[in-house]
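Undergrad: quick one, what's the 3D model for this:
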Amino acid sequence: MELKLYQRRVVEEAGNKNVIIKMPTGSGKTFVAAELIKRKFERDKEFAPSNEYVAVFLVPTCELVSQQAEAIKSWTNGMFKIAKHKGGYANPESDFTILVSTPEAFRRLQPNLTKLSWKNLSIIVFDEVHHVLKSHPYREIALKLISNKLSLRQVVGLSASLTYAVEIKSIKNALSRLCNELSTEKILSPTSEELIAGGYHPQKGKIKVEPSHDIPEGVIPPFARKAHLMYESFKQRVHKNTATPFANDIWNVVLAFEAEAKKLPFNFVSPLSNIKLSSWEDYAHKKRKEHSLFEQLEIWYVALRMIVQTWEEEQVLVLQWLKINDGLKVEIDCSSKLICEAIERVKDRASNEFNFMKLERLKHFLFTEYEQYCGKFRCIIFVQQRITAYIIHDFLKTCEVLKTKGVKSGFVIASASAITPSLKVSPTEVSNQIESFRSGRTNVLVATSVAEEVRSVYRKKDQKHVFIPIKILFNLYTGTRRAFNKCYHLL
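TA: As a prediction, the model looks like this:
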């Protein structure tokens, strides 16, 4: 095997330096690291031929130990003895040259094996280097490397994405910290042109990207958004009449309900002055017993919160929320003309199937994958908001086309949190949903990031299912791709 042009350029530029290499999934990061290990051993042999040096290749999960060990073995053509180590394995014999290990297993092994002392390490590779954060074992190893600096050691980080951060300032801070803790001299990444010229084809890899993008016109662009001014920005846009027409319609319905509530003898005070968005629905929920109007007002407060929190983008989720909860029906004793007219405008949008295209695309993807794998599949849909998980789950659960095919949905959120004041999920329900997905009684799981904590249960080699996490633009959640066979960005 030979290095592709872009791989060769990265290897040559890395040389003997401490580097972080950012390359997309499927572009051959492991082969680049294996070539750097081979060349480092050659240089060390010239510099100090009598010394016995070792390379350590760290991977974040047990499942990757064998996979990466085999890749290194194939690239180096059996030149070096490679040892594999992870939790539950016996200590390897000391005649290895390269150790592929999980970080925690390496930390436990190092004090018991003289060969792995810091002075004997020639090169150490951090696969998925973005895990060097907080109290992760990767970071603890990195900090020990700083305190045990040796001139011959080389540190290499590999990743397809260097940080979980989203905002520019946070990204800069995360990269600065990462480079500092690994004593990185350079971040190397081939350009898109280099990748394509070298024969890398993203569409033939594991990631499939749908090109369409359903962001409504007139919303605040992502780079101009300031989270702490979210509600203030929205109010200014409404008052200046620059908010999206849909956001204005939701706002007007809420104001119409509030105007009617002020006529009732219940001492109503609008909660919209409170910047804590969830307090709106809490207020209406407490007044539900006083009048049926407050039951519907709670539903519309939730809809307004969703509009504000998604920077007016997620019209489809808001419409689906209103459909689920009969928010588009006027069932109060003193229905005012103002309320009816305001709701009618939103009902017109809900009657337009085009406004639900993202959910329809999701349905189409699930249907297609189910057919392709003859029903032998499972899927995790990662989302950011609890209410998003609930809405998508309800859509899938009630979809007749998917039900007839045998697609069964569940959803998981943090067990200690409520979706809305009227929608609460107990820890038992969360556990039951996870167990149902694990056992196969449900094959689609809609989840917030809490599912990251339990994803190891989906990686067993004896599973006869295909795992397809679909990362949706319904509040995009950045998860780990390597745990699954396929990954879709459904925009």
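
Undergrad: residues contacting Leu145?
TA: Counting by Cβ atoms under 8 Å, 6 or more residues apart in numbering, Leu145 makes contact with 118, 124, 153, 155, 182-183. All C-beta spots, glycine's among them, are computed from the backbone N, C-alpha and C.

Undergrad: put the buried members of these into a ChimeraX selection.
TA: A single ChimeraX command suffices to select whichever of the contacts of Leu145 are buried according to 16 or more other Cβ atoms under 10 Å:
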select :124,153,155,182
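
Undergrad: so which of the contacts of Leu145 sits lowest on pLDDT?
TA: Lowest pLDDT among the contacts of Leu145: Arg153, with 83.

Undergrad: how far away is the closest residue to Pro271 other than its chain neighbours from Val254?
TA: With Cβ to Cβ, 6 or more residues apart in numbering as the criterion, Pro271 has its nearest non-adjacent residue at 4.1 Å, and that residue is Tyr283. Using Cβ to Cβ, to the nearest Å, we find Tyr283 at a distance of 12 Å from Val254.

Undergrad: any shared contact partners between those two?
TA: When contacts are counted by Cβ under 8 Å, 6+ apart, Tyr283 and Val254 are jointly contacted by Tyr301.

Undergrad: so for stretch 268-281, mean pLDDT?
TA: For stretch 268-281, the mean pLDDT works out to 92.

Undergrad: quick one: end-to-end length of that stretch, please.
TA: By Cα to Cα, to the nearest Å, the extent of stretch 268-281 from end to end equals 14 Å.

Undergrad: can you tell me what sits against it?
TA: The contact list for stretch 268-281 (Cβ under 8 Å, 6+ apart) reads 231-232, 254, 258, 261-262, 282-284, 287, 298, 301-302, 304-305, 308-309, 420-421.

Undergrad: list only those of those residues flagged as buried.
TA: 231, 254, 258, 261, 282-284, 287, 298, 301-302, 304-305, 308-309, 420-421.

Undergrad: now, those residues that are in strands?
TA: Using DSSP state E, the members of the buried ones among the contacts of stretch 268-281 that fall in strands are Thr420.

Undergrad: inside helices: which ones of the buried ones among the contacts of stretch 268-281?
TA: Among those, DSSP state H puts 231, 254, 258, 261, 282-284, 298, 301-302, 304-305, 308-309 in helices.

Undergrad: farthest-apart pair in those, please.
TA: Distance extremes for these: the farthest pair is Ala261 and Gln309 at 23.2 Å, using Cβ to Cβ.

Undergrad: strands of the stretch 251-400 of the chain, residue ranges please.
TA: Here the stretch 251-400 of the chain has its strands, by DSSP state E, counting those that start in this stretch, at 377-382.

Undergrad: so what's the residue count around the residue nearest to Ser161 when sequence neighbours are not counted?
TA: Using Cβ to Cβ, 6+ apart and skipping residues adjacent in sequence, the residue nearest Ser161 is His130, 6.3 Å away. Neighbour count for His130, taken as other Cβ atoms under 10 Å: 25.

Undergrad: verify the stated contact: His130 with Leu175.
TA: No - using Cβ atoms under 8 Å, His130 makes no contact with Leu175, being 9.8 Å away.

Undergrad: between the two, what contacts are shared?
TA: With Cβ under 8 Å, 6+ apart, His130 and Leu175 have common neighbours 162-163.

Undergrad: wait, isn't Thr388 in contact with Val316?
TA: No - assessed by Cβ under 8 Å, Thr388 is found out of contact with Val316, at 10.6 Å.

Undergrad: just checking, what packs against the lengthiest helix in the chain?
TA: Across the chain, the helix with the greatest residue count (assigned by DSSP H) is helix 29-47. Other elements packing on helix 29-47 under the criterion 3 or more Cβ pairs under 8 Å, 6 or more residues apart in numbering; DSSP states H and E are helix 5-14, strand 19-22, strand 54-58, helix 63-76, strand 121-127, strand 154-159.

Undergrad: got the phi and psi for Thr352?
TA: Heads up, residue 352 is Asn, not Thr. phi -90, psi 110 (degrees, to the nearest 10).

Undergrad: run a quick neighbour tally on it.
TA: Asn352 has 9 nearby residues by other Cβ under 10 Å.

Undergrad: do the one 3 residues further on as well
TA: Counted by other Cβ under 10 Å, the residues lying close to Asn355 total 18.

Undergrad: what's the answer for Ser417, then?
TA: 12.

Undergrad: quick check: closest non-adjacent residue to it.
TA: Arg386 (6.1 Å).

Undergrad: you'd agree that neighbour is up against Val412?
TA: No - assessed by Cβ under 8 Å, Arg386 is found out of contact with Val412, at 9.8 Å.

Undergrad: which residues are in contact with both of the two?
TA: With Cβ under 8 Å, 6+ apart as the test, Arg386 and Val412 both reach Thr448.

Undergrad: these two: which has the busier surroundings?
TA: Higher neighbour count among Arg386 and Val412: Val412, with 26 against 20, using other Cβ under 10 Å.

Undergrad: so that one touches Ser431, yeah?
TA: No - contact between Val412 and Ser431 fails when scored by Cβ under 8 Å: they sit 9.4 Å apart.

Undergrad: rewinding a little: who has more neighbours, Thr388 and Val316?
TA: Thr388 (28 against 18).
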